[in-house]
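# Generate a structure from the sequence data that follows.
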Amino acid sequence: MAAVAAELRRSGFRVTGSDSGIYPPVSTFLEGQGISICDGFDPANIPWDSLIVVGNAISRGNVELEAAMDRRLPLISLPDLISRRYLTGRRPLVIAGTHGKTTTTAMTAHILRMAGRDPGWMVGGMPLDLEYPCWMGEGEEFIIEGDEYDCAWFDKRPKFYHYQPNIAVITAVEFDHADIYPDIEAVEAVFRRFAGLLPRSGRLIINGDDPRALAVAEAAPCPVETFGEGENCNWRLADLTESGAETVRGEFVTPDGERGVIELGMIGCYNLRNALAALAASAVVGVEPDEALAALPSFRGIARRLQLAEDTGGIAVWDDFAHHPTAIAGTLNALRRRYPDRRLWALFEPRSNTLVRRYFTAELTEVFAIADRVVIGPIHRREMIPENERLDTRTVAEELERRGLTAVAVDSFDDVVQAVVGELRVGDVVVVMSNGGFGGVKERVVEMARQMDVNKLKIKN
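Here you go, the predicted model:
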């Protein structure tokens with residue numbers, strides 16, 4: 001919503017909006033774009049001559065929505081608006097999948113731009129290398145992140161059904177969005193229908209190591225290419241290594257059998273998979289692998305996707321958006337490789353509609369065991385989740401304790417910080433994981449780290 005709002009304002013439209021609980025980096029981005037957002041909802045916020053873009057978090061009963069309907073103002077979902085404004089007459093390159101789609105979208109846009117193209121793009125996050133998360137562009141290609149979540153209360157279709165894919169990437173097919181999908185079969189079904197939207201002249205690029213992605217590809221009426229580590233993948237990662245403190249490196253083989261090396265200025269071996277998908281997608285639109293590889297070292301990623309928030313010289317604090325066990329495992333493994341001899345803290349807010357539920361209890365226990373100390377914060381909107389469906393955070397913490405970790409589940413943001421106070425020491429690495437604001441926990445931990453006397457011991461990074 002923020003990305004499109006900013007693009008519309010740059011194009012001369014008058015843009016206003018309302019939300020609740022606004023937090024950085026979106027809040028600061030909107031402020032920098034000159035867009036004022038009302039914190040909270042009031043019918044007085046709505047101009048009488050507006051087109052109302054309704055987000056999927058807004059439901060009947062919202063006072064602004066009801067006022068707009070009483071006034072008979074036109075309503076549109078964000079995906080419908082995106083399709084009409086940005087995609088008609090273009091060549092949409094849609095990046096979908098359970099993990100990595102935001103990074104892969106921004107990475108592909110970065111490659112095309114560095115190769116001299118003028119693509120449009122829409123990224124569902126705040127890219128560190130692109131000036132804006134949404135850009136019209138003058139070129140034929142429009143690169144867009146395709147989400148399987150629904151559009152609005154009046155349009156329950158997945159967002160990516162609107163996006164007219166000509167080229168599509170599917171990074172993975174796993175269970176997510178437990179509030180709208182009952183099981184993994186339902187998730188697989190919407191990806192299968194998405195693959196079926198491609199024209200015969202299009203291209204589908206999928207994770208060849210993911211059996212469900214391979215199953216989804218059967219519905220595609222166009223050629224299919226695969227990427228991954230498996231011997232049968234068209235684009236194959238042959239070697240994955242951390243090549244330095246802040247970088248990752250991987251060798252790969254193209255469909256033509258040519259070998260190359262991916263160098264990224266960011267950590268996390270999973271980002272090599274994202275890069276390989278971006279290479280494959282870029283090649284379809286005519287960017288040579290050498291051109292793409294030249295662009296990748298300058299790509300810095302997305303805000304809050306394993307982003308270093310502070311390094312005092314003795315304590316490192318990282319910020320991460322991880323809200324699925326697979327993503328959490330990728331984050332913790334990346335930090336474990338980056339800091340093999342340092343104590344790793346994981347501070348986690350169960351906030352997504354999937355992780356506030358019990359579905360991944362066992363998986364959470366497994367992935368958090370990668371850390372040394374775990375603090376699980378309060379469940380977001382706990383009162384709205386039926387008790388028999390709600391994640392039992394104490395069960396996760398108790399199982400981690402049985403495995404020899406120090407773990408605790410607490411009921412407030414203050415308690416999260418208190419669990420760190422007095423226990424944090426020079427040499428520690430802390431990752432704060434939430435897809436929301438986490439009650440300012442990251443900022444408070446950063447301040448705690450700054451106040452500690454790190455001059456007594458410097459850790460060699």
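
# Can you pull the domain assignment for this protein?
2-73, 82-298, 307-456 (automatic domain parsing).

# okay if I get those as CSV plus mean pLDDT?
Listed next are the domains of the chain as CSV, based on pLDDT from 0 to 100:
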stretch, mean pLDDT
domain 2-73, 92
domain 82-298, 95
domain 307-456, 93
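
# Check the ones you listed for me and report the most buried one.
domain 82-298 (a mean of 20; mean count of other CB atoms under 10 Å). (Each C-beta comes from the backbone N, C-alpha and C, glycine too.)

# End to end on that domain, go ahead and measure it.
One end of domain 82-298 sits 28 Å from the other (CA to CA, to the nearest Å).

# So which residues of the stretch 1-150 of the chain form strands?
17-19, 37-39, 52-54, 75-77, 91-96, 120-122, 134-135, 141-145, 150-152 (DSSP state E, counting those that start in this stretch).

# Pull up the pairing partners for the longest strand along the chain, direction included.
Longest strand in the chain by number of residues (criterion: DSSP state E): strand 235-244. Note on strand 235-244: by DSSP bridges, its sheet partners are strand 224-228 (parallel), strand 247-253 (antiparallel).

# Would you reformat the ones you listed as JSON lines and include distance to residue 356?
Output for those, formatted as JSON lines (distance: least, CB to CB, whole Å):
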{"stretch": "strand 224-228", "distance to residue 356": "31"}
{"stretch": "strand 247-253", "distance to residue 356": "32"}
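
# between the ones you listed, which gets nearest to residue 50?
strand 224-228 (43.0 Å; CB to CB).

# now the closest one, how far from the centre of its chain.
From the chain centre to the centre of strand 224-228 is a distance of 21 Å (CA atoms, centre = their mean, to the nearest Å).

# Kindly report the same for stretch 155-173.
For stretch 155-173 - counting by CA atoms, centre = their mean - the centre lies 15 Å from the chain centre.

# ok, the nearest residue to residue 58 once chain neighbours are set aside to residue 54 distance?
In space, and not counting its chain neighbours, residue 58 is closest to residue 65: 5.6 Å by CB to CB, 6 or more residues apart in numbering. Computed as CB to CB, to the nearest Å, the residue 65 to residue 54 distance reads 7 Å.

# ok, now residue 27?
20 Å.

# go on, residue 47?
Residue 47 is 15 Å from residue 54, by CB to CB.

# Residue 281 now?
31 Å.

# likewise residue 298?
From residue 298 to residue 54 the distance is 38 Å (CB to CB).

# What of residue 161?
17 Å.

# before we move on, what about residue 375?
36 Å.

# what's the nearest residue to the residue nearest the centre of the chain if we skip its chain neighbours?
Note on the chain: the residue nearest the mean C-alpha position is residue 102, at 5.0 Å, using CA atoms, centre = their mean. Nearest residue to residue 102, sequence neighbours excluded (CB to CB, 6+ apart): residue 125, at 4.4 Å.

# residue boundaries of the strands in the stretch 151-300 of the chain?
Counting by DSSP E, counting those that start in this stretch, the strands of the stretch 151-300 of the chain are 155-158, 167-170, 203-207, 224-228, 235-244, 247-253, 259-264.

# what's the closest of the ones you listed to residue 392?
Once those are compared by CB to CB, strand 155-158 is nearest, at 29.7 Å.

# by contact count, what packs against that closest one?
In terms of contacts (3 or more CB pairs under 8 Å, 6 or more residues apart in numbering; DSSP states H and E), strand 155-158 is packed against strand 150-152.

# quick check, distance from the strand it packs on to the centre of its chain.
18 Å.

# For it, which strands pair with it and how are they oriented?
Checking strand 150-152 against DSSP bridges gives partners strand 155-158 (antiparallel).

# Now tell me what touches the strand it pairs with from outside.
77, 79, 80, 147, 148, 149, 150, 151, 180, 190, 194 (CB atoms under 8 Å, 6 or more residues apart in numbering).

# let's go with 7 Å and repeat that
77, 148, 149, 150, 151, 190, 194 (CB atoms under 7 Å, 6 or more residues apart in numbering).

# what sits up against stretch 340-357?
Contacts for stretch 340-357 (CB under 7 Å, 6+ apart): 176-179, 323-324, 332, 335-336, 360, 368, 371-377, 379-380, 385, 389-391, 393, 416, 427-436, 438, 441, 459.

# Residues contacting the longest strand of the chain, please?
So strand 235-244 is contacted by 225, 227-229, 248-255, 267, 269, 272, 276, 279-280, 337 (CB under 7 Å, 6+ apart).
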